[in-house]
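Undergrad: Here is a sequence together with a model predicted from it:
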Amino acid sequence: MRDACKRYIPLVPPFHKAPAEFSPAEARAYFDWYLSHLDGRCEYLKEFVYQTSDLAEGTLDCTLESLRPLWAWFLPRARVVWRREARLLRDVLRAGALEPKFARDIFKPWRRALSTKTEYLIRDIGMYVGKTFVAQYPQRLSWTYRSAPQSDIFVNTPLLTGFVQTEDMRGNALPQPFHPQFEPIHMTGVQAVKILHGRQANEDLYRICLLWSGWIPGDGDRGQPRA
């Protein structure tokens, strides 16, 4: 099952540096590159899923419901690898430079990570999530990016805008509407990281996107989460 993903051809970004390091021209070029590859990568992902599963063609139809079978396909194919720090821990223990208990405590949070191939899958699934949102709410959501402040975690990264939050997660009214922007690859990655802790579930991606869909204003509402 996992070996099939070795055939997955990744999409390689045109710039080999972090978005925060982009010049204004590079930020615009990256945004245009991203959107120009969006449809193609989603189609490639869908065809690959159909070829490596029993899902019927048409299952991945860019609806929120399609995120359930897509994530159920992804989870058993995700791979976890030992990080470079884990090898360092091994060397430290062999050298006797630290007491084993202290060495393990220091390096424990960094022992495992998702493989590079898995990260490529996450990127394409994230692009599918973004395409799904825009396909379902074409009059409400749109792609954008922001170039400032440089300290922003999502600076120069394609984002979805159009969400409006008027209540906090406990249902209390906010003093004024909040307009969060959605980075689909990051949000997909947040769900994938649960694999490292053994807390993943087939519903994770669907649930987080359903939550965000509740912040898409409809006719006559004010952006409260919908059931």
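TA: Structure's in. What do you need?
Undergrad: which strands and helices sit next to whatever helix or strand Pro175 lives in?
TA: In the assignment (DSSP states H and E), Pro175 maps to strand 173-178. Applying 3 or more Cβ pairs under 8 Å, 6 or more residues apart in numbering; DSSP states H and E, we find strand 173-178 packed against strand 165-167. Where you see a C-beta, it was placed from the backbone N, CA and C, and this is true even at glycine.
Undergrad: Please state the offset of the strand it packs on from the chain centre?
TA: Offset of strand 165-167 from its chain centre (Cα atoms, centre = their mean, to the nearest Å): 23 Å.
Undergrad: thinking again about what came up before, within the sheet, what are the partner strands of the strand holding Pro175, with directions?
TA: Here strand 173-178 has these sheet partners by DSSP bridges: strand 165-167 (antiparallel).
Undergrad: And Ala25, how close does it get to Phe15?
TA: 11 Å (Cβ to Cβ, to the nearest Å).
Undergrad: what sits in contact with each of these two?
TA: Counting by Cβ atoms under 8 Å, 6 or more residues apart in numbering, Ala25 and Phe15 have no common neighbour.
Undergrad: Among the two, which residue is more densely surrounded?
TA: The neighbour count for Ala25 versus Phe15, taken as other Cβ atoms under 10 Å, is higher for Phe15 (15 against 8).
Undergrad: Now do the same contact list for that one.
TA: Residues in contact with Phe15 (Cβ under 8 Å, 6+ apart) are Phe22, Glu26, Ala29, Tyr30.
Undergrad: Arg199 too?
TA: Neighbours of Arg199 in contact, by Cβ under 8 Å, 6+ apart: none.
Undergrad: swap in the one 5 residues further on?
TA: Residues near Asp204 by Cβ under 8 Å, 6+ apart: Trp71, Gln191, Lys194.
Undergrad: Please enumerate the helices of the chain.
TA: 24-51, 67-74, 84-95, 100-107, 116-136, 184-192, 204-213 (DSSP state H).
Undergrad: Give the other helices and strands that the fifth one contacts.
TA: In this case it means helix 116-136. Secondary-structure packing of helix 116-136 (3+ Cβ pairs under 8 Å, 6+ apart): helix 24-51, helix 67-74, strand 142-144, strand 159-161, helix 184-192, helix 204-213.
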